[in-house]
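Engineer: below are the sequence and a predicted model for it; my questions follow.
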There are 2 protein chains.
Amino acid sequence: MKRNVLIIGAGGVAQVVAHKCAQNNDVLGDLHIASRTLSKCQEIIQTVHDKAAMKQDGVFDAHQVDGMDSAAVAALITKTGAQIVINVGSPFVNMTVLEACIQTGAAYIDTAIHEDPTKICETPPWYGNYEWKRREDCAAAGVTAILGAGFDPGMVNAFARFAVDEFMDEVTSIDIVDINAGDHGKYFSTNFDPEINFREFTGTVYSWQKGAWQENKMFEVGREWDLPVVGKQKAYMSGHDEVHSLAANYPEADIRFWMGFGDHYINVFTVLQNLGLLSEQPVVTAEGLEVVPLKVVKAVLPDPSSLAPNYTGKTCIGDLVKGIKDGKEVEVFVYNVADHKDAYNEVGSQGISYTAGVPPVAVAMLIADGTYDQGVMMNVEELDPKPLFSLLDNIGLPTRVKDAKGDREWNRA
Amino acid sequence: MKRNVLIIGAGGVAQVVAHKCAQNNDVLGDLHIASRTLSKCQEIIQTVHDKAAMKQDGVFDAHQVDGMDSAAVAALITKTGAQIVINVGSPFVNMTVLEACIQTGAAYIDTAIHEDPTKICETPPWYGNYEWKRREDCAAAGVTAILGAGFDPGMVNAFARFAVDEFMDEVTSIDIVDINAGDHGKYFSTNFDPEINFREFTGTVYSWQKGAWQENKMFEVGREWDLPVVGKQKAYMSGHDEVHSLAANYPEADIRFWMGFGDHYINVFTVLQNLGLLSEQPVVTAEGLEVVPLKVVKAVLPDPSSLAPNYTGKTCIGDLVKGIKDGKEVEVFVYNVADHKDAYNEVGSQGISYTAGVPPVAVAMLIADGTYDQGVMMNVEELDPKPLFSLLDNIGLPTRVKDAKGDREWNRA
């Protein structure tokens, strides 16, 4: 049993995490949120109170902290009495926040793989470069660390585990498909921090196929998918966190991630990329000013958090898992559909932030009640998915299954 | 009779002007080139000597000057003894260089309309905002000032005058078409300074039709042209200097300018424009750095002068002029075709710079021998075009005519 949550970060996902924690503070206890900018934390808490989201009276305090400073984060954990840390800050702070948890014994949850700001697309498996090097330290300290517990990675890892356990004797492939069929009404925008968003697509695309890492370029491999609710959508093989842990846990299967892109997105991305405007290397203007082009692109693009009020349409994210059952080929699609407008009405955020922010709160609740509090480091597919699905059915992200028998809730036969 | 030339500017067009002046220094006398950066002037003179371009032994000296400083330019005119100034510097310096000519009595030639760096696309007629306000001062001082004496504006103004004088009793329309069918082999590049290039297309498109200024947006009006040598090409109605003087001199005709653009150019331009990356208004990055997006775009694009060695293909620039002759409708296309590779071999520049840089030297030669030295301010269509055509036939830009009788040299019946 653990209580009291410290949220690290104050962006769009942090806002969802804050609202969901507040809606469940009977289970989670005192709530705290900290980022480099105190005012952003205060603003998020204000939106929580504006929606009267606290389930019961309780603490929700804002703090200033530099997530790159382990000692400062550890001191804040001690000061607040937080036993669970939900890290939804920049992926650059994962290792320092994890270190603070190891020092203090707090449970650690994050939603994206650690990144070094100076490196793009490191060698696979990405988790092996940073997080997994701290496995023994977590076990020795009895620290529960649940990595990549957002939607993708996160729920899609649980979908894979569920499909393999329930529907097949052996697994042959796991294809994760992420389609955002929403419309934000802008000429162009990324759905989260453009710097992080574009980094996903400027490096090598790694997939795990035929027992080895395969390399492709972005937008080199695309196919059309026909998915529930959102219909036919084009998606492209992309590098993504969960491919790296699923490949370690299901090495016998082909593991691929597919991200949906419209032609317009690809065109804008291609123009910017080819011109060198997505570069992180500084250029010098004719006037002698040194500037990183990507940071200027970020400055002219809409703030992703500004999209929420007018965002309409739905997302569909799921796993097409193929395998063998009783000697026959089987396949199942395990998925969730979320609605941008519903997300905004509930927590003031768009659907992309909603799908990323709700699962780590569910994981925190399952740590709080002991279910997931196993005192070691794990990726989500290493946990029993059923308690997570049951909880998420109730707090906003229901899981469904589609196979030869039809399309139904995950727990219907 | 005037002698000795001072070239203002040290960009791609200035290089062409320098070579052509050198090739004709028997007529032009001592040569001088000045810009803000002395080393650029010295490098241009070096290329002249590398090509052994001086027709006879003579002076070619480099100087440093700030074109925005009238007194400094006037002092340099006096010091060098230049009686002809060819201004191919930034269009921001036209009025200060003209002022220096009025002070010293030197003849003035430029190739583009004056621009205020803080304003885009001023109210028509553009010449009326700056240059034409100095007409009386030029006349009073007996200063010959020939405005817009490049290719377009410049030769195309002479083409219009020639077509009207030779082929019709009255003119009904003048359509200037500028097609660059060359290939520079880069993903994307502008052919001259991106800042100046994009400024042409981010404002209102003004045309003179039915006796009044018409306003359109860039890429709003396009049509396919079928031109000599370059064949079928799509061009779009654009704002351009010569529309503004031709509308004053031929108010009875519709005057339009059409610039050729491939779909790829338009796509890149549209993406950059819609994202706000062509803006001259500074933005602030997340890190607090204030930066003008257009200057960053310029910094990542190829330096236009770097295109020359690999530029292949041809340009076709001409005027389709329609009118009435003996009560019947007639039309004639007066044009020039230039070759990028030929230009590079001769003067080390690509074809766009070549077509812009050769005509002002021809005009200087016609001032030197007295033909065009009329002691007043004029646009090119106010001069007899035939001496200019004859001279350019011999020094690199021959004029041709295409009409119902066929396609031929301008001076063949």
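Structural biologist: Sure, I can see it.
Engineer: what secondary structure does the residue of the stretch 51-200 of chain A found nearest chain B sit in?
Structural biologist: Nearest to chain B, among the residues of the stretch 51-200 of chain A, is A:Y187, at 4.6 Å (C-beta to the nearest C-beta). C-beta coordinates here come from the backbone N, C-alpha and C atoms, glycine included. A:Y187 falls in the coil class when you classify it by DSSP: H, G, I helix; E, B strand; the rest coil.
Engineer: and it, what does it touch?
Structural biologist: B:N274, B:L275 (C-beta atoms under 8 Å, 6 or more residues apart in numbering or on different chains).
Engineer: what separates the helix of greatest length in chain A from the chain centre, distance-wise?
Structural biologist: Determined from DSSP state H, the single longest helix within chain A is helix A:351-368. From the chain centre to the centre of helix A:351-368 is a distance of 9 Å (C-alpha atoms, centre = their mean, to the nearest Å).
Engineer: name the next helix or strand downstream of it, please.
Structural biologist: strand A:377-379 (DSSP states H and E).
Engineer: export the longest helix of chain A to CSV, keeping only CA atoms.
Structural biologist: Coordinates of each C-alpha in helix A:351-368 appear next as CSV, following Å, rounded to 0.1, in the frame of the first residue of the first chain:
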residue,chain,number,x,y,z
GLY,A,351,-7.4,13.3,-26.9
ILE,A,352,-3.7,12.6,-27.5
SER,A,353,-2.8,14.0,-24.1
TYR,A,354,-5.8,12.2,-22.6
THR,A,355,-4.8,8.7,-23.8
ALA,A,356,-1.2,9.3,-22.6
GLY,A,357,-2.2,10.7,-19.2
VAL,A,358,-4.9,8.4,-17.9
PRO,A,359,-3.0,5.1,-18.0
PRO,A,360,-0.1,6.2,-15.6
VAL,A,361,-2.8,7.3,-13.1
ALA,A,362,-4.4,3.8,-13.3
VAL,A,363,-0.9,2.3,-12.8
ALA,A,364,-0.4,4.6,-9.8
MET,A,365,-3.7,3.4,-8.3
LEU,A,366,-2.7,-0.2,-8.8
ILE,A,367,0.6,0.5,-7.1
ALA,A,368,-1.3,2.3,-4.3
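Engineer: what mean pLDDT does that helix get?
Structural biologist: Helix A:351-368 shows a mean pLDDT of 96.
Engineer: wait, doesn't A:S70 sit right on A:A100?
Structural biologist: Yes. Between A:S70 and A:A100 there is a contact under C-beta atoms under 8 Å: 4.9 Å.
Engineer: okay, now whichever residue of the stretch 301-413 of chain A sits closest to chain B: neighbour count?
Structural biologist: At 6.9 Å from chain B, A:L301 is the closest residue in the stretch 301-413 of chain A, using C-beta to the nearest C-beta. For A:L301, the tally of surrounding residues (other C-beta atoms under 10 Å in any protein chain shown) stands at 21.
Engineer: for the closest residue to it other than its chain neighbours, what are its contacts?
Structural biologist: Of all residues not flanking A:L301 in the chain, A:P194 sits nearest, at 5.2 Å (C-beta to C-beta, 6 or more residues apart in numbering or on different chains). Residues in contact with A:P194, defined by C-beta under 8 Å, 6+ apart, are A:L294, A:V297, A:K298, A:L301, A:P304.
Engineer: just those: which are in helices?
Structural biologist: A:L294, A:V297, A:K298.
Engineer: for the second one, list the residues it contacts.
Structural biologist: I take that to be A:V297. A:P194, A:F198, A:L272, A:L277, A:L278, B:L275, B:L277.
Engineer: next, the buried residues of the longest helix of chain A.
Structural biologist: A:351-368 (16 or more other C-beta atoms under 10 Å in any protein chain shown).
Engineer: again, but for stretch A:399-412
Structural biologist: A:T399, A:R400, A:V401, A:K402, A:W410.
Engineer: excluding chain neighbours, give the residue nearest to the last one in space.
Structural biologist: Distances taken as C-beta to C-beta, 6+ apart place A:T399 nearest to A:W410, at 4.2 Å, with adjacent residues excluded.
Engineer: what are the ranges of the helices in chain A?
Structural biologist: Counting by DSSP H, the helices of chain A are A:12-23, A:25-28, A:38-50, A:70-80, A:94-104, A:135-141, A:155-167, A:194-202, A:241-249, A:263-275, A:293-300, A:340-347, A:351-368, A:385-395.
Engineer: by mean pLDDT, show me the worst of the ones you listed.
Structural biologist: Going by mean pLDDT, the lowest-scoring of the helices of chain A is helix A:194-202, which has a mean of 79.
Engineer: and that helix, how far from the chain's centre?
Structural biologist: 14 Å.
Engineer: now do stretch A:119-136
Structural biologist: The answer for stretch A:119-136 is 17 Å, by C-alpha atoms, centre = their mean.
Engineer: cool, and stretch A:102-114?
Structural biologist: In this view, stretch A:102-114 has its centroid 14 Å away from the chain centroid, taken as C-alpha atoms, centre = their mean.
Engineer: how far does it stretch from start to finish?
Structural biologist: Start and end residues of stretch A:102-114 are separated by 16 Å (C-alpha to C-alpha, to the nearest Å).
Engineer: buried set for that stretch?
Structural biologist: Quick answer for stretch A:102-114 (16+ other C-beta under 10 Å): A:I102, A:Q103, A:T104, A:A106, A:A107, A:Y108, A:I109, A:D110, A:T111, A:A112, A:I113, A:H114.
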